[in-house]
Structures are given as structure tokens and as C-alpha cells.
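S.K.: Have a look at this fold, sequence not included:
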């Protein structure tokens, strides 16, 4: 673990944000560090060019009848508001048993989890008793082209199993297999009402305000109870969600109202959830008394695992158009689509994973759904149906991924490394 924490720290120090407008050099530096780390384990490690995107790291080692792909990603979310961080986001800091820094959990912990398992096997056995391919993406956070590459090169992910280490346990010390993911679509809605701002005293009243029209549109996306009005869902059949723990993880008061109706797990996994994730409008500071002529918002819709994203996108865009009040001019532009998934969990890899997680944690693994989206998973399901996909990792609810003060619990990361090592050995039928 000391060596692995040094490696994780080296990765966290690199601000490898692949979003447009951020420098490319740190992204490429993180790719090269990742490549070198796998090469040091004895893997044939290379950078794989991806048309239209950043390179993926591909590392291959071991031999045997079984083949397993190990996935994570080396790119990270932007740091956001630096004043909200207790310590610098790209200076890894250990306190209270956690390593803090942007990407420490999402998803550089996944890289280290795979490295730890491979090092354990090579140090204990001298080799890796099955064929392993590590696939480390460079643009997962911003929706890069790797899923399209996989669709065109299915042999890359055609394996007995694939471990996607970009999730986490339901709580610290509770081993969890994530077996369902919501999909996601987004669209931008723009309202134009006037050719230019108009004095609110001289023209206000009859003149349509673009921001007010936009607010009316956005208000239709949820009903009075807070349920999303675009699409419908279905009951979740997996493990329930502990509301008290959810509130603690979210950081809200025990009596604060939560949105929506029905079981909490349904609202988090199998029902749609809409959010306004961006807004272009005049800021409060410097605001003038004028009727606003144009306003714009970006709307994100998380969709149930079984919902077709094309159908969801059409429903979202049509809803935004139909909700326009007062005959205003509305332009809706479709954005990104990501398919959700519900995984088959009855194969030999799942049996090995349940045993390994139980052995590593001393308790039976649970199965849970997750509201996040990993588009690559849907691509693998389409082109490599025999591959058992296992979603497990060290991103616990307290990791604050995508938020200030992101961190990974060191003990949890160690337990997941032990679990993955045991899983690989079990699948290779050596334990």
C-alpha cells in the first residue's frame, strides 16, 4: 500500500482534465504515467490513439484460458471553486484515513486498484495466471469517443469478464456489485423574445421577458411532488436505499424534504431524474432594469436503465418545445446521449466476484443500482455479449466525486485491491 499510495499521489498531482478549453499537456502526462506504471508490472503497455480523442492506455500481461479486461480512466473533472477545497485539489493530502485530491477516487483509485491486484499476483506467484488487458480511458468525464472505438473494435473487450472500477460500495465496509446504471441525455433550450434589451419602465409589461419564459419552461420539468414529468420509470428490484445514510451522504437535515414519490431506490435508479445543469442569463451583479431578450439553459435527464436514449432525447426536446409560453421563439438543441444498462449477474465471473468480495470483507456482497452513467458499458453489452461486466470499486458515498474535497478511503481501497486479486485468482481457478 505505501508504494500504491505514492503512485496514486503521482497521478493526482496531474490536473488531467480533458474537457475543451483545458490544456492537453497534463492529460498526456497522466496517460504516460499510467502507461509506465503498468509497464513496471511487466505488462506490454502502450498508448492507443483514439480518433477524435485522447489516447487510451492498453496494457497486456499474463497467460491462461481466461481473459479479463480491467477498466478505469485517467481523466478527471475540473477542480471547480478552489476556495471550496480545504487543501489544493492537485496536491494529494492524507488526513483521517483518506487521500484527498481531484481524481483520488474518480477514477485514479481504479487505476491503482488494478495495479495493486496485478502486483499482488506477480509478487506472490511470479506471474499472472490468466490473460489480463488493462484498458484505461482518457476522456470518460467529458464523453470521449472510446465507446465508438469499442463498437468498431469488439475484439478489444471480448473476454470472460470485465471489471469496471468506476463505482463504489454502498457504504464503507459493505462490498457492493453495481448491477444497473441509468442512462443520460441532455439538451440546450434557448428562448428569444426581443431583438435587444428593452427598458423595463418604458416597455415592461406587454414585452415578453425571455428569462421569465425560460423559467416557465423549466418549471414544467418536475411536478408539485418533485417527480420528473418527462418519461416514466419502473420499480427497482434490487437492494433498498437507506434514507438516513442517503441524507448523511448528501449533507441535508434529517427533516429536509426530498423530491419525488415512491421508494428512494426507485427515485435513484429506475425513475427518470431531470436537472438544470447550466444557465445563461444576466448575472445579479451589474443587473440593469431591462426586459431580457434572450436566455438559455442546459437540461440533463437521467433515464431508467432500460430506456432507449434516442427515445428519451426526443421526449425531452419535445417537452421543452411544447412547454414554451406566450408564443415565444424556442430553439432546442440535442446534446449528448448515454445508454443505461441492467447487467446479467448469473455467470461464473459473478460467482467468483461474490466469493472474492465476501472473502476480502468478511461479509456477503450486496447488489445495488446507481444513478450515474458509463456509456462504455452499453457499448460492450452490444458488441461483446459474452463478456460478464462487473462494476465494483473504491468510490464510497463519502468520496465527494465531482465535488470539492474529493477523496478515497485508504482502507477501502486496500480491501478492494484484495477483493480484485482474489477475484482474478478465483476466475483463473487457482484458489
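M.R.: Yep, it's here. No experiment lies behind these values; they were computed from the predicted model shown.

S.K.: Near residue 308, how many other residues are there?
M.R.: 13 (other C-beta atoms under 10 Å). Where C-beta positions appear, they are placed from N, C-alpha and C, glycine not excepted.

S.K.: what does residue 250 give?
M.R.: 10.

S.K.: List the contacts of the closest residue to residue 212 other than its chain neighbours.
M.R.: Closest residue in space to residue 212, ignoring its immediate chain neighbours: residue 292 at 7.9 Å, by C-beta to C-beta, 6 or more residues apart in numbering. Residue 292 makes contacts with 193, 197, 209, 210, 211, 212, 281, 282, as judged by C-beta atoms under 8 Å, 6 or more residues apart in numbering.

S.K.: One more pass at 6 Å, please.
M.R.: Residues counted as contacts of residue 292 (C-beta atoms under 6 Å, 6 or more residues apart in numbering) are 209, 210, 211.

S.K.: List the residues that contact the first one.
M.R.: With contacts taken as C-beta under 6 Å, 6+ apart, residue 209 has the following neighbours: 291, 292.

S.K.: Numbering from 19 from now on, please.
M.R.: Done: numbering now begins at 19, and the last item shifts to residue 227.

S.K.: mind checking how far it is from residue 298?
M.R.: 15 Å (C-beta to C-beta, to the nearest Å).

S.K.: Check residue 86 too.
M.R.: Plainly put, residue 86 is 45 Å away from residue 298 if you go by C-beta to C-beta.

S.K.: Name the residue in those two with the higher neighbour count.
M.R.: More crowded of residue 86 and residue 298, by other C-beta under 10 Å: residue 86, with 26 against 13.

S.K.: Please name the nearest non-neighbouring residue to that one.
M.R.: Distances taken as C-beta to C-beta, 6+ apart put residue 179 closest to residue 86, at 4.9 Å, once the chain neighbours are dropped.

S.K.: hey, what's the one you found bridged with?
M.R.: With DSSP bridges applied, residue 179 shows beta-bridge pairing to residue 86, residue 406.

S.K.: how about the helices in this protein?
M.R.: Secondary structure of the chain (DSSP state H): helices located at 20-30, 42-58, 126-143, 164-170, 228-237, 261-268, 282-283, 327-340, 366-379, 393-401, 428-445.

S.K.: Rebuild these as a markdown table, extending it with mean pLDDT.
M.R.: Listed next are the helices of the chain as a markdown table, based on pLDDT from 0 to 100:
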| stretch | mean pLDDT |
| --- | --- |
| helix 20-30 | 98 |
| helix 42-58 | 98 |
| helix 126-143 | 97 |
| helix 164-170 | 94 |
| helix 228-237 | 98 |
| helix 261-268 | 89 |
| helix 282-283 | 94 |
| helix 327-340 | 97 |
| helix 366-379 | 98 |
| helix 393-401 | 90 |
| helix 428-445 | 98 |
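
S.K.: Now do the contacts for the residue nearest to residue 441 when sequence neighbours are not counted.
M.R.: The shortest distance from residue 441 to any non-neighbouring residue, by C-beta to C-beta, 6+ apart, is to residue 374 (3.8 Å). Residues in contact with residue 374 (C-beta under 6 Å, 6+ apart) are 437, 440, 441, 444.

S.K.: Counting neighbours, which of the residues you listed comes out on top?
M.R.: When neighbours are counted as other C-beta under 10 Å, the busiest of the contacts of residue 374 turns out to be residue 441, with 26 neighbours.

S.K.: how close does the residue lying closest to residue 105 once chain neighbours are set aside sit to residue 423?
M.R.: Counting by C-beta to C-beta, 6+ apart, residue 105 lies nearest to residue 111, which is 4.4 Å off, once chain neighbours are set aside. The gap separating residue 111 from residue 423 is 10 Å, by C-beta to C-beta.

S.K.: same check, this time on residue 335
M.R.: Distance of residue 335 to residue 423, computed by C-beta to C-beta: 36 Å.

S.K.: With residue 289 instead?
M.R.: Separation of residue 289 from residue 423 (C-beta to C-beta): 29 Å.

S.K.: Same drill for these two, tell me which one is more crowded.
M.R.: Applying other C-beta under 10 Å to residue 289 and residue 423 shows that residue 289 carries more neighbours, namely 25 against 18.

S.K.: So the more buried one sits against residue 251, correct?
M.R.: Yes. If you go by C-beta atoms under 6 Å, residue 289 and residue 251 touch, sitting 3.2 Å apart.

S.K.: any shared contact partners between these two?
M.R.: Shared contacts of residue 289 and residue 251 (C-beta under 6 Å, 6+ apart): none.

S.K.: What is the neighbour count of the closest residue to residue 118 other than its chain neighbours?
M.R.: Excluding the flanking residues, the one nearest residue 118 by C-beta to C-beta, 6+ apart is residue 425, at 4.3 Å. Residue 425 has 25 neighbouring residues, counting by other C-beta under 10 Å.
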